[in-house]
Structures are given as C-alpha cells and as structure tokens.
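Q: Okay, sequence plus prediction incoming.
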Amino acid sequence: MLFQLSEEHLMIRQAARDFAQTELKPGVIERDEHQKFPAEQVKLMGRLGFLGMMVSSQYGGSGMDAVSYVLVMEELSKVDASASVVVSVNNSLICYGLEHFGSEAQKQKYLIPLAKGEVIGAFCLSEPEAGSDATALSTSAVDMGDHYLLNGTKNWITNGSTASTYLAIAQTDTNKRHQGINAFIVEKGMPGFTIGQKENKMGIRGSDTHSLHFSDVKVPKENRIGDDGSGFKFAMTCLEGGRIGIASQALGIASGAYEMALNYAQERKAFGKSLADLQAIQFKLADMATNIEAARLLCLKAAWLKDNGLPYAQASSMAKLFASETAMKTTTEAVQIHGGYGYVKEYHVERLMRDAKITQIYEGTSEIQHIVISRQLLK
Ligand code: CAA
C-alpha cells in the first residue's frame, strides 16, 4: 500500500494552493458579506481546467483522476468554500452525469462547454417538499410526443442564476415512484423557465443559491438523459461522486481552520507564554489534526476506489459523514482557540464555521449518509 502522492498529484495540489492564495483569498470576506458570486474566479478556474477535471480531453476536460479532484477541492475550500462548491457541482453532478449517461449529441452540445469551464451547470433535484426524500418529487414532465412539458419548482439550487445548463429531475409517472423519474437538460432562457428568489444563507454566502420555476417549459425529447425512467438512478449515481467532492470541501474547511488556529496559538500570548504551550490548547490541536487526517484518508480512499472502477457508494458516504462532522467540530474549536478574535469577521474562522454547516446538509444530510452506509452494511 502506497500513501505517497505522485509528482503529478503534488503539482496539481500546488497549483490549486497557489490559485486559492492569490485569486480566492483577496476579497473572500467581502464576497461573503455581500453575497457576491466569485464570477471572475470561476472563469479563471475554468481556464485552469478545474471545472471539468475528470472529463476526458475528447470532451474538453482535463482527464484527471478523482484523487486530483480531492486535492484541488481541499485546497480551494481552505480559502473559499463558495468557490469550491461550483467546482464540486460542475464536476460531479453535471459533467460526470453528462459524460457517463448523456447521448453523443448531448455531450457535443452541452458537455464540452461545461468541461472547458466556458459555462457552468446546476443540478436541480431538491424541491420545497422533497429534500432528503428524493423520490417525492412533484415537478412533472408530461410526454407530449416530440417534447416534454415541465412544470414545478426546485429549491436551494446551487449556481441557480449563474448556470447556463440545468439538469432537472422530474416525475414522468407518479404511479411508478422512482421508476417514473427522468432527468432533463434545460437551457437558461427556455420559455417558461424562470429564476426565483435568491436565498440569504448562513454560510457559503458567495455561492449563488436560488429557487427555480418551470411553467409549461417545452423540453425537446432529445434532452432527456438516458432511458425512460432512469432519472432517479442517474441522480443517485451522480450524488455518489458528488459526496466525494463535498467530503473534500468539508476536509478543506476543517484544514483551513486548523492551520489558522495552529498559527494563532503559536503567536498569541497568555499567562506569560504562547497559547500553544498550554496543554488545553495542545490537546485541541491534536484532536483537530487527527480528525482531519482521518477525513483526508477517507476522501482519498473513496476517490481511489472510484479511479479503480470499484464500488464507492459506501466509501463516499463515510467520507462525507466523517469529514463534514470534522469540519463542524474543527471550525468550532478554531473559533474557540481564537477567543474574541475568532468571533469577528476579519479572522476568517467564523466564516469557515458558518460554511462548515452546509456540508452536513447538502448532497445528503448526515442522517442520509447513515442510511446509505447502513443499507450497504446490511445488504
Ligand atoms: N446508485 C444507483 N442506484 C441507486 C443508488 C445509487 N447510489 N441508490 C439507490 N439506487 C436505486 C435503488 O437500487 C432502487 O432501485 P431498484 O428499486 O431498481 O432496486 C432505487 O434507486 C430506489 O432506491 P431506494 O429504495 O433506496 O430509495 P429511497 O427512496 O429509500 O432513497 C436515499 C434513498 C439514499 C435516501 C435517497 O433518497 C437520497 O440519497 N436522498 C438524499 C438526496 C440528496 O442527496 N439530495 C441532495 C440534493 S443535490 C445538492 O445538494 C446539490 C447541490 O446543489 C450542492
């Protein structure tokens, strides 16, 4: 067993680290404060190949492996989780779905610009009455012969107003439960498709989260992804990989907060010595570092399984469950170590603590990860 990263992995990690420090860090507090989407930074990430990392070069991607994806997600998320969620959604939920389940025509028309980062995508599954219970969709798609007619509302959609390509999951036959669900490619600007309210969020405030409305949207038949009735499995399969992305995001948030706490503990003096000389602080740092290392290993293992064509549903859920819980615990402790400074915005750790919370919620709550893991164990 080899625990060493390759030269190529080290290079991609360094590139992401440099990008995060030079392009994401300046302005991250202001973007959070004003809920400003990192539009310029997303363009640059597209040029660096971060938005279609695992797509083959034939379809405009960088052809990298999932291990590289974990490394990039960790580095970006140490600094700006609002930017890194764009990378996660575009890679795992959009590009992966189109490359593995889309028709050749869909790949040519939609995947190539998405993988090149010329445009970004949004994954539209959640609804006002269907979050964890993803089969309870009420968005309907009625087969009209040469097209489907889409009606309904989607909630909490990442890249909601900034995306160009939307993958919408809808019910075509309510009697068939998950077998009556399909996934469709919807373009921004299709008549009847409107962007709804922007969410005013606790964390990842720079990320663009909206509700979306479909009112008699005519979606051409050729925009259905895969066979009739395959939409639920499509969504679940995309989410399996997406959970590696969000786990790595949580890992990055945790390690960013830990690094800040470590530095602060060495600089700050109290009771005539540095905080780092106090055992109470040393033990906190030891717990933080241990949990982060365990989370990193779980993320890399899930990615390695994916890269080697092995089943990774359980591993990606374990990684997401553990890494997101670690992110919450670690950022809370980082604020505690910073004391009063930790509670004010200029020290970053309070933002990381707010950002950490979403990793326990989106792409399957911690409770849903318990369901996925236990079902795999009992299978
Ligand atoms: N891969 C392939 N097929 C799968 C699958 C997977 N990972 N998981 C389930 N399926 C299949 C099952 O085999 C079953 O098919 P058959 O009947 O043919 O065997 C079918 O799907 C239904 O499965 P279940 O009976 O297990 O379905 P369920 O209703 O019990 O739900 C669940 C399972 C795991 C709880 C699922 O509903 C789930 O993951 N919920 C959470 C949804 C979620 O993660 N939402 C996130 C929103 S997207 C987001 O957050 C993106 C963003 O913007 C950041």
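A: Cool, the structure landed.

Q: Could you show which parts of the stretch 201-350 of the chain are in contact with the ligand?
A: Residues of the stretch 201-350 of the chain found near the ligand (C-beta under 6 Å from any ligand atom) are 232, 233, 236, 237, 239, 240, 313. All C-beta spots, glycine's among them, are computed from the backbone N, C-alpha and C.

Q: Can you tell me which of the residues you listed is nearest residue 97?
A: Closest to residue 97 out of those is residue 237 (7.7 Å), distances taken as C-beta to C-beta.

Q: list the contacts for that closest one?
A: Residue 237 sits next to 97, 100, 101 when contact means C-beta atoms under 8 Å, 6 or more residues apart in numbering.

Q: can you count the residues close to residue 161?
A: Counted with other C-beta atoms under 10 Å, residues neighbouring residue 161 total 15.

Q: Pull out the buried positions in stretch 252-264.
A: Within stretch 252-264, the residues that qualify as buried are 252, 253, 254, 255, 256, 257, 258, 260, 261, 262, 264, counting by 16 or more other C-beta atoms under 10 Å.

Q: on that earlier part again, neighbour-wise, give me the winner out of the contacts of residue 237.
A: Within the contacts of residue 237, most neighbours by other C-beta under 10 Å means residue 97, with 26 neighbours.

Q: Now do the nearest residue to it once chain neighbours are set aside against residue 316, distance only.
A: The spatially closest residue to residue 97, leaving aside those adjacent along the chain, is residue 238, at 4.6 Å (C-beta to C-beta, 6 or more residues apart in numbering). Distance of residue 238 to residue 316, given as C-beta to C-beta, to the nearest Å: 11 Å.

Q: quick one: low-confidence ranges for the stretch 201-350 of the chain?
A: By pLDDT under 70, the stretch 201-350 of the chain has no low-scoring segment.

Q: if I pick residue 147, what's in contact with it?
A: Contacts for residue 147 were tallied using C-beta under 8 Å, 6+ apart; they are 218, 219, 220, 221.

Q: Just the buried ones among those, please.
A: Neighbour counting with 16+ other C-beta under 10 Å marks residue 219 as buried within those.

Q: Could you report the neighbour count for the residue in the stretch 201-350 of the chain positioned nearest to the ligand?
A: Relative to the ligand, the nearest point of the stretch 201-350 of the chain is residue 236 (3.4 Å; C-beta to the nearest ligand atom). Neighbour count of residue 236, defined by other C-beta under 10 Å: 15.

Q: Ok, residue 118 next?
A: Around residue 118 there are 15 residues (other C-beta under 10 Å).

Q: that older thread, does the residue nearest to residue 97 sit in a helix or strand, and which one?
A: helix 231-267 (DSSP states H and E).

Q: Now for the closest residue in space to residue 333 that isn't next to it in sequence, how many residues are close by?
A: Leaving out its chain neighbours, the residue that sits closest to residue 333 by C-beta to C-beta, 6+ apart is residue 284, at 5.2 Å. A count of nearby residues for residue 284, using other C-beta under 10 Å, gives 20.

Q: Now the helix or strand where residue 284 lies: buried residues?
A: Residue 284 is part of helix 279-307 when elements are defined by DSSP H and E. Across helix 279-307, burial judged by 16+ other C-beta under 10 Å covers 281, 284-285, 288, 291-292, 295-296, 298-307.

Q: again, but for stretch 176-185
A: For stretch 176-185, using 16+ other C-beta under 10 Å, the buried residues are 178, 180, 181, 182, 183, 184, 185.

Q: close enough to count as contact, residue 202 and residue 357?
A: Yes - if you go by C-beta atoms under 8 Å, residue 202 and residue 357 touch, sitting 6.3 Å apart.

Q: neighbour count winner among the two?
A: The neighbour comparison of residue 202 against residue 357 (other C-beta under 10 Å) goes to residue 357, with 17 against 11.

Q: I'd like the distance between that one and residue 268.
A: Taken as C-beta to C-beta, the span from residue 357 to residue 268 is 26 Å.
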